[in-house]
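How does the following fold in three dimensions:
(2 chains)
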Amino acid sequence: MSDSYLGFYFPLVVAIMAVLEICHHDDPKVIARRTLINAAILTGVLAAGALVLQLLGRFL
Amino acid sequence: MSADSFGVVLAGLMLVGLLFSTVLFEPAHRKTGAAFFLGWFVPGAGHLLLGRRGKAAVLFGILALLYVTGLYMSGWRLVSFDDNPFYYVGQFGSGVTALLGRALAEPKAYPIDAFPPKWIDPGMLYVCVAGLLNIVVIMGVFSAERKPATGPTPPAEGEKK
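Presented below is the predicted three-dimensional model:
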């Protein structure tokens, strides 16, 4: 996996989260805040999973 | 049934559903029924029919941008079944993408010279996600119906008027 793929990841995740929030909320501020929070949480979970896999691969 | 003919059958079913939504749904929900089927053809059109112009414009903008970006990265060729069956099925999430898939049908998607060849995979993914997200959007017309488009919030039950 090349680093250049990260440039495609963030717009895609933000677009997905934005559509999901727009369908549930009306206030633009709430939509923007929840979109960014959810995108950050998803990114964190994925990064943590990748880190665990990296450590498992290195030490096991 | 081939994958291409599935797209035609699906478009036909949605068209019949749109025409018969006045019969299939109860009088109070007929507009929502029509919005459901119309929303499949054009992303955001269902919300527009329900009077939610702002949401319709934003949803259409996001999905169209995602779709056009994906098309640009994959050389203006849509995902074929041979490229990736899963990405291909995602195109059927909206009528526009399904019909364009037939109109622009090419044997294989290919990257344009300006981009590295490996960018074709994210491009196809963008096209697929644009179609799949429209399924979420058309499901959203049911919650859009329950909320008032404009005006003050109605008083809660038991609240003094």
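
From here on, just use CA atoms for contacts and neighbour counts.
Noted.

what's the longest helix in the chain?
Assuming you mean chain A. When chain A is parsed with DSSP state H, its longest helix is helix A:28-59.

The intended chain is chain B.
helix B:120-146.

average pLDDT across the longest helix of chain A?
For helix A:28-59, mean pLDDT rounds to 94.

could you check whether that helix is close to chain B?
No - using C-alpha under 8 Å from any C-alpha of the partner chain, helix A:28-59 stays clear of chain B, with a minimum separation of 9.9 Å.

show me what contacts the residue of chain A found nearest chain B?
Across chain A, the shortest distance to chain B (C-alpha to the nearest C-alpha) belongs to A:C23, at 5.3 Å. Going by C-alpha atoms under 8 Å, 6 or more residues apart in numbering or on different chains, A:C23 touches B:136-137, B:140, B:143-144.

Just the buried ones out of the residues you listed, please.
Among those, those buried by neighbour count (16 or more other C-alpha atoms under 10 Å in any protein chain shown) are B:137, B:140, B:144.

Ignoring the adjacent residues along the chain, who's closest to the second one?
Leaving aside its chain neighbours, B:G140 sits nearest to A:C23 (5.3 Å; criterion: C-alpha to C-alpha, 6 or more residues apart in numbering or on different chains).

The first one too?
Using C-alpha to C-alpha, 6+ apart and skipping the chain neighbours, the partner closest in space to B:V137 is A:C23 (6.6 Å).

now that neighbour: how far from B:E26?
23 Å (C-alpha to C-alpha, to the nearest Å).

again, but for B:G123
In terms of C-alpha to C-alpha, B:G123 sits 41 Å off from B:E26.

With neighbour numbers in mind, choose between the two.
The residue with more neighbours, out of B:G123 and B:E26, is B:G123; 28 against 12, by other C-alpha atoms under 10 Å in any protein chain shown.

for the closest residue in space to the more buried one that isn't next to it in sequence, phi and psi?
Spatial nearest neighbour of B:G123, excluding adjacent residues (C-alpha to C-alpha, 6+ apart): B:G70 at 4.0 Å. Main-chain torsions, B:G70, degrees, to the nearest 10: phi -60, psi -40.

And B:G75, by the same measure?
Main-chain torsions, B:G75, degrees, to the nearest 10: phi 70, psi 30.

now swap in B:R52 and tell me
Per-residue torsions, B:R52: phi -100, psi 80 (degrees, to the nearest 10).

which parts of chain B sit against chain A?
B:55, B:59, B:62, B:66, B:122, B:126, B:133, B:136-137, B:140, B:143-144.

Can you give me the neighbour number for the residue lying closest to B:K31 once chain neighbours are set aside?
In space, and not counting its chain neighbours, B:K31 is closest to B:L50: 7.3 Å by C-alpha to C-alpha, 6+ apart. When counting by other C-alpha under 10 Å, one arrives at 19 neighbours for B:L50.

I figured B:L50 was touching B:R30, is that so?
No - with contact defined as C-alpha atoms under 8 Å, B:L50 does not count as touching B:R30 (10.9 Å).

from chain B, which residue is nearest to chain A?
Closest point on chain B to chain A, by C-alpha to the nearest C-alpha, is B:G140, at 5.3 Å.
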